[in-house]
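> What shape does this take:
(one chain, ligands or ions: 1)
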Amino acid sequence: MAGVHADDQPASASNHIKNVAVVGAAGGQGSYITAELLNTGQHNVTAITRLESTSTFPNGVSIAKVDYDEHNSLTDAMRGQDALIITMNARAPQESVTKLVEAAIDANVPWILPNEWGYDYTDPDVNRDTMLGDSQLAIRKLIESKTTKTAWIAVACGFWYDYSLAAGVSTFGFDFENKKVTFYNDGTAKVYCSTLPYVGQAVAKLLSLPISADRAGNERPCLEEYRNSIFRVHAFHISQEDMLSSVLRVTGGKEGDWTIRHVTPEARYVEGKKMFEQRDMIGYRVMLYSRYFYPSLPVKELEDYSDARLGLNQPSLDEVTKLAVDKAMEK
Ligand SMILES: NC(=O)c1ccc[n+]([C@@H]2O[C@H](COP(=O)([O-])OP(=O)(O)OC[C@H]3O[C@@H](n4cnc5c(N)ncnc54)[C@H](OP(=O)(O)O)[C@@H]3O)[C@@H](O)[C@H]2O)c1
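Got it, this is the predicted structure:
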């Protein structure tokens, strides 16, 4: 690993991140990250929140209200922060993310976790088909092109299994009420998934690592390893068939009770695209999820994932499935 060794730093310089700003600290992903950061007892968390926001934050979180149209408002909120984590609503204007990143660079925030939280954006065909990659890669490039004082770490956690399973037919294909499921091909293609709490845990562990390696030559992980690179984590590597087995275990049903439809992911992608072109936003979800089930999708090896290296606690698949099924049935 290239970079600065902790022993080269002045004695007063800390080798750990302390001040963390979170955008979306009350949101779907950000709330779990915030809770886990507070739990470490090592981090001061500041919620960066819009002037007009009605979000509320847990005790112990400092609040910085910002005006996205005022650069100084953003830089003031970032000054003194060691890391900026962006978990912003997917429909928020992309320029708001750019503004945050530019402000963080101007305020010399050393680490940014951009608004990614999904795929690793390494495959240009997938990036094109999901219409996501270009904007994500542009943010990474913006940081690299402007400074060496700020680095990005892209958290690639795959699908949120809890959120996605509960979302129903448009994602992993499950219609719990009517006991129907749409499998991509034979339902055995595996995808990497995390859960919202798991990603919270992963980010808190990541930002609790020593920034630089020590000189002892040990193999302990440090944050510098992830400078301008991808931090891959996953709780599960599972197929739709595995998901259905878990659903059957937690609901006490049997496979014969379910109607299984088979469709190629390519055909499902086209269905989703048509819906999206007719302004049905669910169609976008169908496009997005089906695209990751193409047999041609390049698959990363397990050793590219940091879960074991960081000692993350794996959740129980069936416990998460149970929560997701209950949530879906409440809707
Ligand atoms: N891996 C997966 O399966 C998966 C699934 C869904 C989403 N994602 C990704 O995860 C990221 C975060 O999603 P999330 O569900 O956690 O977000 P979210 O809860 O919907 O929103 C997070 C925060 O965004 C802020 N926000 C909302 N509208 C905004 C606007 N117009 N302008 C600026 N800020 C706005 C709000 O913060 P304040 O009120 O405090 O300002 C909100 O709490 C997104 O990039 C999304 O694409 C991943």
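
> pLDDT value on the closest residue in space to Ser170 that isn't next to it in sequence, please?
Leaving aside its chain neighbours, Ser170 sits nearest to Arg285 (4.4 Å; criterion: CB to CB, 6 or more residues apart in numbering). For glycine as for every other residue, the C-beta is placed from the backbone atoms N, C-alpha and C. Looking at Arg285, its pLDDT stands at 97.

> Hmm, Arg285 is touching Thr171, no?
Yes: with contacts counted by CB atoms under 8 Å, Arg285 reaches Thr171, the gap being 6.2 Å.

> can whatever helix or strand the residue nearest to Ser170 lives in be found next to the ligand?
Assigned by DSSP states H and E, Arg285 belongs to helix 281-291. No: judged by CB under 6 Å from any ligand atom, helix 281-291 makes no contact with the ligand; its nearest approach is 8.8 Å.

> Give me the packing partners of that helix, helices and strands only.
Other elements packing on helix 281-291 under the criterion 3 or more CB pairs under 8 Å, 6 or more residues apart in numbering; DSSP states H and E are helix 124-130, helix 265-277.

> wait, which of those is closest to the ligand?
helix 124-130 (10.7 Å; CB to the nearest ligand atom).

> The closest one: how far from the chain's middle?
Put simply, helix 124-130 sits 18 Å off its chain's centre (CA atoms, centre = their mean, to the nearest Å).

> got the CA positions of that helix in CSV?
C-alpha atoms of helix 124-130 as CSV (Å, rounded to 0.1, in the frame of the first residue of the first chain):
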residue,chain,number,x,y,z
PRO,A,124,-19.8,0.6,-19.2
ASP,A,125,-22.7,-1.5,-20.7
VAL,A,126,-24.4,-1.7,-17.4
ASN,A,127,-23.8,2.0,-16.7
ARG,A,128,-25.3,2.9,-20.0
ASP,A,129,-28.4,0.6,-19.6
THR,A,130,-29.1,1.7,-16.0
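
> Tell me the buried residues in it?
For helix 124-130, the neighbour count (16 or more other CB atoms under 10 Å) marks 126-127, 129-130 as buried.

> Pick out the most distant pair among the residues you listed.
Among the buried residues of helix 124-130, the pair separated by the greatest distance (CB to CB) is Asn127 and Asp129, at 7.6 Å.

> the inter-axis angle of the helix holding Arg285 versus helix 265-277?
Relative orientation of helix 281-291 and helix 265-277, computed by axes from the mean of the first three to the mean of the last three CA atoms, to 10 degrees: 160 degrees.

> Output the contacting helices and strands for the next helix or strand after helix 281-291.
Reading on from helix 281-291 to the C-terminus, the next helix or strand found by DSSP H and E is helix 307-310. With contacts defined as 3+ CB pairs under 8 Å, 6+ apart, helix 307-310 has these neighbours: helix 196-206.

> tell me the domain boundaries of the protein?
16-157+195-232, 160-194+235-298+311-330 (automatic domain parsing).

> Asp304 is nearest to which of the ones you listed?
Closest of those to Asp304 is domain 16-157+195-232, at 5.4 Å (criterion: CB to CB).

> Let's test this: mean pLDDT of that closest one, rounded?
96.
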